[in-house]
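>>> below is the sequence, then the predicted model.
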Amino acid sequence: MSLTQDLKNFIMRGNVIDLAVAFVMGSAFFAVVTALVTDIITPLIGVPGHVNFDAYSYTLNGSTFLFGAFVNSLIGFLAIAITLFFLVVKPLEKARNRKKPAPAPPTTKDCPYCLSKIPIKAIKCMYCTSDVK
C-alpha cells in the first residue's frame, strides 16, 4: 500500500473520527459552561455580598493579576467536572455493571491441611489424602 492510502485508512478509522467529534463537542460544551458560569452562576454567588469576581484584580509594579477571572475559571472547571461525573461517568459505570455477567461458582476449594486446590466435590485430598468435609 502507498503512504497516502495508509494515511487515508488511518484517518477513516473509527477512533480518529470519534476523537474529532468528541473534541468538537467538548469545545462546544466548554463554551456553554463558561457562559453559564460567567453570566449566571458567578453573579448569583455575588448577589448576597454584592460581589463581582470579574472586577477583582491586583496590580503590582504595573502587572495586573486578574484573580477574579481565575475564580470564574475555577468555578467553570468544577461545573464541568461535576456535570461530566454525574451525566457521563456514573451512568456509564452503572451500564457497565449491569452488563457484567455474574461470577461463575467456584470449582475448587482449598484443603484445610495442605492448602492445595482440590475439586469442590472432593471428600479426600488427592495430595495429602486427608478427609475433607
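Received the coordinates, thanks.

>>> report all helices and strands that the lowest-mean-pLDDT helix or strand in the chain contacts.
Lowest by mean pLDDT, DSSP states H and E among the helices and strands of the chain is helix 42-46, with a mean of 75. With contacts taken as 3 or more Cβ pairs under 8 Å, 6 or more residues apart in numbering; DSSP states H and E, helix 42-46 sits against helix 67-84. Just so you know, the C-beta spots here come from the backbone N, C-alpha and C atoms, and that holds for glycine as well.

>>> mind redoing it with 7 Å?
With contacts defined as 3 or more Cβ pairs under 7 Å, 6 or more residues apart in numbering; DSSP states H and E, helix 42-46 has no helix or strand neighbours.

>>> state the mean pLDDT of the helix or strand just after it.
Using DSSP states H and E, the next helix or strand after helix 42-46 towards the C-terminus is strand 58-60. Throughout strand 58-60, pLDDT has a mean value of 88.

>>> and the contacts of strand 58-60?
In this structure, residues lying in contact with strand 58-60 by Cβ atoms under 7 Å, 6 or more residues apart in numbering are 65, 67.

>>> could you identify the helix or strand that succeeds it?
Next along the chain after strand 58-60, taking DSSP H and E as the criterion, comes strand 63-65.

>>> if you count neighbours, what's buried in the longest helix seen in the chain?
If you go by DSSP state H, the chain has its longest helix at helix 14-36. Buried positions in helix 14-36, judged by neighbour count with 16 or more other Cβ atoms under 10 Å: 33-34, 36.

>>> before we move on, the earlier item: going by neighbour count, list what's buried in the least confident helix or strand of the chain.
Across helix 42-46, burial judged by 16+ other Cβ under 10 Å covers Thr42.

>>> do stretch 65-76 as well
By 16+ other Cβ under 10 Å, the buried positions in stretch 65-76 come out as 68, 71-72, 75-76.

>>> can you tell me how far Ile80 is from Ala31?
According to Cβ to Cβ, to the nearest Å, Ile80 and Ala31 sit 11 Å apart.

>>> same question but for Phe70, I mixed them up
As judged by Cβ to Cβ, Phe70 and Ala31 stand 19 Å apart.
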